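>>> model the following, please.
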Amino acid sequence: MNEHDFIAALRALATTPAARGLEDDTAVIEIGGETLVLTHDAMAEGTHFLAGTDMADVAWKLVAVNLSDLAAKGAEPVGVLLGYSLGQDDERFVDGLRDVLARYDVPLLGGDTIRSRGPRTFGLTAIGRACHTPVPSRSGARPGDEIWVCGTIGDASQGFLELTRQDAGGESGSPQKPDPYFTGKLLRPQPLLDEGKALAPCVTAMMDVSDGLLLDAERMARASGVTIDISSGQIPFSAPFMAAIGDDSTFAARRHAASWGDDYALLFTMPAGTRPPAASCKVGVVLPRSEAPLLLDGSEPSPDAPLGYTH
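Predicted coordinates for the structure are as follows:
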């Protein structure tokens, strides 16, 4: 089964309202006077991070991507549970874990450790407290809304390119040193927790951009029963990214960046004419549902290029 089919099969088991029909990145549980937001993400060596990556960076990213899911719900982190596969450089993982938990003032609550053969896989569950109810979902976008991005797109994709390109020095054979700005964006993303809390009372729908802006916009459109039209010229690329691609700043290069993922920006919708309370860029509009849930510059994207990352 592919990822889409497997999740579809699981929906028959996820019947509690807290699961939100598995159409969201988090579960939402009301207990007494509190609304808890729970999420779980896993990372596998060779898929989510390159072999040989500093384990301190792996730890940081594992926590950060889960906190990004909480940010998209306007939630305040309460703590995390770690699933860890023992192996090389465990001490470095602990160093990175200490750094990221201290940076976001998040306690480690527990978890489990194992040892196994083959590539290592790590999992983390993050628990948050909703700062606004109802908690934003993917499914609230309505025709007439505008769609916005808080954060930038493409820096992580450039970081991956810089880490993996070979013989970047040309005929000299001297590899070009990766730019720490881009590799930092890839290896140590910054979850937009404060921005998410500010936006939560205002948005009609919100999610983070993890698998590519275009794919995640399509997911929001499908969950909401609408069509979303993204304007490629309004996608917020950073100045360093535009400088790095230089003469290759074509539609194809920008589309690739919008499909790559690992951005951890916030994608959200608001009624037309409303200004978001956090620095953001309007990237499109929400339309009544048509045959295609996603449009790019008014047209259905070419099926020859993927919208984003799927397993």
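>>> I'd assumed G144 was in contact with V286.
Yes - between V286 and G144 there is a contact at 6.6 Å, judged by CB atoms under 8 Å. All C-beta spots, glycine's among them, are computed from the backbone N, C-alpha and C.
>>> these two: which is more packed in?
Higher neighbour count among V286 and G144: V286, with 26 against 15, using other CB atoms under 10 Å.
>>> next up, the contacts around that one.
Residues in contact with V286 (CB atoms under 8 Å, 6 or more residues apart in numbering) are 141-147, 221, 224, 226-229, 269.
>>> for A223, same thing?
For A223, the contact set (CB under 8 Å, 6+ apart) comprises 23-24, 137-139, 205.
>>> in the stretch 151-300 of the chain, where is pLDDT below threshold?
Along the stretch 151-300 of the chain, segments meeting pLDDT under 70 span 166-175, 247-250.
>>> follow-up on the earlier one: among the contacts of V286, who's most crowded?
T269 (30 neighbours).
>>> please, where are all the strands along the stretch 151-300 of the chain?
With strands called from DSSP state E, counting those that start in this stretch, the stretch 151-300 of the chain shows them at 205-208, 226-230, 266-271, 281-288, 294-296.
>>> before we move on, what about the stretch 1-150 of the chain?
Remark: strands assigned in the stretch 1-150 of the chain by DSSP E, counting those that start in this stretch are 27-31, 34-44, 75-85, 108-114, 121-130, 145-150.
>>> for the shortest one, name the packing helices and strands.
When contacts are defined as 3 or more CB pairs under 8 Å, 6 or more residues apart in numbering; DSSP states H and E, strand 27-31 sits against strand 34-44.
>>> and the angle for the strand it packs on with strand 27-31?
Interaxial angle of strand 34-44 relative to strand 27-31 (axes from the mean of the first three to the mean of the last three CA atoms, to 10 degrees): 150 degrees.
>>> domain map for this structure?
As assigned by automatic domain parsing, the chain contains the domains 3-130, 145-296.
>>> out of the ones you listed, deepest packed?
Sort those by mean neighbour count, taking mean count of other CB atoms under 10 Å, and domain 145-296 sits at the top with a mean of 19.
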